[in-house]
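Undergrad: Got a predicted structure plus its sequence, pasted below:
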Amino acid sequence: MSQYSSLPFSKLRIVNGLAFLSGEVPLTSEGTVPEGISAQTQLVIERIAHTLGEAGLKLTDVVSTTVYLTDKNDFSEFNEVYRNFFSAPYPARTTVVADLVLPAKIEIAVVASVE
């Protein structure tokens, strides 16, 4: 991750009762990306939960997610894993199919309520 650590953005900003978490990618502590959309989705959401936890927040505080997938055919499998972490009322969500900077299948950005 060293090549990404000097990029000009904040990982988390809290403003006016909302926490904005920059897009999280499925990068392990060893700097590798696991195979497959299920493993990558799980790692991304676990990383999001960890970052939110450092700010005293939980996944239940998430009100909006923006999901970037590199392959629309991964949508169903992604949703299966996503449901393991989020429940009704689900966060509002936008899903986009696009290329990513990191060689991964997914990136997720979230907004959480601090109140």
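TA: All right, it came through fine.
Undergrad: Not counting stretch 48-57 itself, show me its contacts.
TA: 11-12, 14, 19, 21, 24, 58-59, 61-62, 85, 108, 110, 112, 114 (Cβ atoms under 8 Å, 6 or more residues apart in numbering). To be clear about C-beta, it is placed using only N, CA and C from the backbone, and glycine gets the same treatment.
Undergrad: Nearest to Val97 among these?
TA: The closest of the contacts of stretch 48-57 to Val97 turns out to be Ile108 (Cβ to Cβ; 13.7 Å).
Undergrad: wait, the closest one sits on Gln40?
TA: No. Assessed by Cβ atoms under 8 Å, Ile108 is found out of contact with Gln40, at 10.0 Å.
Undergrad: quick one: the strands in the protein?
TA: Taking DSSP state E as the criterion, the chain carries its strands at 12-15, 18-24, 62-69, 92-97, 106-113.
Undergrad: which helices and strands sit right next to the fourth one?
TA: When contacts are defined as 3 or more Cβ pairs under 8 Å, 6 or more residues apart in numbering; DSSP states H and E, strand 92-97 packs onto strand 62-69.
Undergrad: in the strand it packs on, what counts as buried?
TA: 62, 65-69 (16 or more other Cβ atoms under 10 Å).
Undergrad: what is the orientation angle of that strand with strand 18-24?
TA: 20 degrees (axes from the mean of the first three to the mean of the last three Cα atoms, to 10 degrees).
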